[in-house]
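K.L.:
My questions concern the predicted model and sequence given below.
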Amino acid sequence: IVDLGGGVGALLREISTHCVNQRLICIDRPEVIRLASTHPKIEFLTGDLFSGALPSSDFYLLSRVLHDWPDEKVKLILNRIPAEYLCIIEREVDLHINQHALLSLHMFLLHGAKERTRQEWDTLFLATNWSVQSRVPFSGHTITLAKRDTPIKDILPSTFARRKTCVRKVVLPIAGLGMRMRPQSTILPKAFLPIVQSNSNAWKCRPVLDLLLKEIFTKETDIEQVLFVIAPNQLHLFQSYFSSYPHQSIDYILQQSPKGFGHAILQTEQYIDDEPFVVMLSDHLYQSNNNQSCLEQLLNAYRQNITGESVMGLTGVMKCSIEQVSETGLLKSNLNIKNKHFFEITDMIEKPSIEVALQHYQSRLFDNVFLCQAGIDILPPTIFDQLRQHEKTLERENIATELGLREAM
């Protein structure tokens with residue numbers, strides 16, 4: 001959360017008492033920042049409303065800043081915000097009540113600025129591609145949440161060097177409703193359901209997510225960050241549970257409504273930052289039949305076979321029987337095999353009927369078996385373009401269905 005023009009950090013100090021893992025940044029002029037007392041949860045940076053780089057962020061705050069400037073200056077500020085979401089705290093004046101007149105005259109004499117009506121604010125938001133999501137009155141002001149209609153790329157580069165073929169991020173989509181597992185999933189997301197394990201000494205009970213993260217964060221994988229795609233009502237649960245994890249290794253992306261697997265992945269585009277990335281299903285447990293985890297096997301295959309500025313992805317597959325085809329995604333491959341574990345996919349289908357599977361998806365690589373999705377994929381950043389294209393096709397053809405990832409693949 002970045003408070004632009006945040007003074008000595010008064011608002012962020014209050015916010016910090018309600019936040020667990022958020023990184024808080026206060027930006028203002030050097031002479032103002034020098035007056036700020038240090039705070040363990042707030043980073044103070046010098047900056048300018050109109051020039052210089054701004055840090056990329058999930059969320060920006062502009063509290064009682066914009067009324068100091070005329071319309072053209074306000075547009076410059078709004079166009080520079082490098083985030084998808086923005087919170088503006090300002091007065092909305094009523095033209096029929098003249099209590100604001102003296103204040104507006106004061107602002108006009110100083111900067112050519114003024115207090116504004118809601119219609120005037122909306123005109124500025126529209127001109128800078130911000131759409132109002134909600135408004136809440138508070139203490140004589142209005143708190144406006146806005147979302148950028150056409151997200152811009154981060155003004156600052158990623159804190160990591162961009163290495164196109166280095167896979168460092170894992171996306172775990174969790175925002176689904178888990179309808180088929182109700183009533184259990186009504187209380188807990190599927191990824192938090194307990195798994196009981198035993199060894200020679202004791203029994204252990206751990207959530208699914210713990211087991212997934214144990215597989216992800218090992219020195220063999222070189223994974224640096226996990227991005228959870230969650231529903232807004234799940235945020236408090238995740239922040240509480242993962243409060244002890246290193247801050248830089250866990251991040252949350254909100255999917256405001258469950259519009260499909262592909263839609264969940266599309267929300268992560270700005271975080272992925274034009275790199276290949278892993279997608280793992282958060283309601284799956286992965287068990288290998290050798291000393292390499294399933295994720296390690298896929299990453300090793302990717303590093304050994306996909307090099308350069310490639311736009312190829314890699315999908316983990318398993319064998320399945322005819323009885324299982326209607327419960328999983330099937331793949332078809334050609335016989336252009338580089339080695340016995342690495343081959344090209346020519347088609348895929350989600351949960352087909354047995355008749356369709358027998359007719360079109362029997363594997364020519366193995367007798368009497370099918371190839372199915374294992375639930376782990378390494379995707380190129382070009383998948384986001386494919387998802388948007390697929391989304392436009394559904395809208396154009398007026399097809400009321402969720403945005404699927406497999407169709408885009």
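P.N.:
Perfect, I can see it now.

K.L.:
Lowest average confidence across helices and strands of this protein, where is it?
P.N.:
Taking mean pLDDT, DSSP states H and E as the measure, helix 101-111 is the helix or strand of the chain with the lowest mean score, a mean of 58.

K.L.:
mind listing the strands in the stretch 101-250 of the chain by residue range?
P.N.:
In order along the chain, the stretch 101-250 of the chain carries the following strands (DSSP state E, counting those that start in this stretch): 130-138, 141-148, 169-173, 194-198, 203-207, 225-230, 250-254.

K.L.:
check contacts around residue 285.
P.N.:
If you count contacts by Cβ atoms under 8 Å, 6 or more residues apart in numbering, residue 285 has them with 195, 208, 211-212. The C-beta positions use only the backbone N, C-alpha and C, and glycine is treated the same way.

K.L.:
For ChimeraX, write the selection for the buried entries among those.
P.N.:
In ChimeraX, this line selects whichever of these come out buried by 16 or more other Cβ atoms under 10 Å:
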select :208,211,212
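
K.L.:
dump the residue contacts of residue 377.
P.N.:
Taking Cβ under 8 Å, 6+ apart, we find residue 377 in contact with 278-279, 313-316, 409.

K.L.:
quick revisit: can you redo the strands of the stretch 101-250 of the chain as CSV with distance to residue 120 and mean pLDDT?
P.N.:
Output for those, formatted as CSV (distance: least, Cβ to Cβ, whole Å; pLDDT from 0 to 100):
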stretch, distance to residue 120, mean pLDDT
strand 130-138, 13, 90
strand 141-148, 12, 91
strand 169-173, 40, 91
strand 194-198, 54, 80
strand 203-207, 50, 80
strand 225-230, 36, 87
strand 250-254, 30, 80
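
K.L.:
Tell me how the chain divides into domains.
P.N.:
2-148, 161-306 (automatic domain parsing).

K.L.:
Compile the ones you listed into a markdown table and extend it with columns for distance to residue 396.
P.N.:
As requested, the domains of the chain are exported to a markdown table (distance: least, Cβ to Cβ, whole Å):
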| stretch | distance to residue 396 |
| --- | --- |
| domain 2-148 | 22 |
| domain 161-306 | 16 |
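
K.L.:
Lowest average pLDDT across those?
P.N.:
Of all the domains of the chain, the segment with the smallest mean pLDDT is domain 161-306, scoring a mean of 79.

K.L.:
Tell me how far that domain lies from the chain's centre.
P.N.:
Centroid separation for domain 161-306 versus its chain: 12 Å, with Cα atoms, centre = their mean, to the nearest Å.

K.L.:
Extract the CA atoms of the longest helix along the chain and return them as CSV.
P.N.:
Within the chain, and with DSSP state H defining each element, the longest helix by residue count is helix 383-396. Output of helix 383-396 as CSV, limited to C-alpha atoms (Å, rounded to 0.1, in the frame of the first residue of the first chain):
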residue,chain,number,x,y,z
ILE,A,383,-1.0,-17.2,-22.1
PHE,A,384,-2.5,-13.9,-20.9
ASP,A,385,-3.0,-12.7,-24.5
GLN,A,386,-4.6,-16.1,-25.3
LEU,A,387,-6.9,-15.7,-22.3
ARG,A,388,-8.0,-12.2,-23.3
GLN,A,389,-8.6,-13.4,-26.8
HIS,A,390,-10.7,-16.4,-25.6
GLU,A,391,-12.6,-14.0,-23.3
LYS,A,392,-13.5,-11.7,-26.2
THR,A,393,-14.6,-14.7,-28.2
LEU,A,394,-17.0,-15.8,-25.5
GLU,A,395,-18.4,-12.3,-25.2
ARG,A,396,-18.8,-11.8,-28.9
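
K.L.:
just checking, what packs against whichever helix or strand comes after it?
P.N.:
Next along the chain after helix 383-396, taking DSSP states H and E as the criterion, comes helix 405-408. Using 3 or more Cβ pairs under 8 Å, 6 or more residues apart in numbering; DSSP states H and E as the contact criterion, the secondary-structure elements in contact with helix 405-408 are helix 261-266, strand 345-350, helix 383-396.
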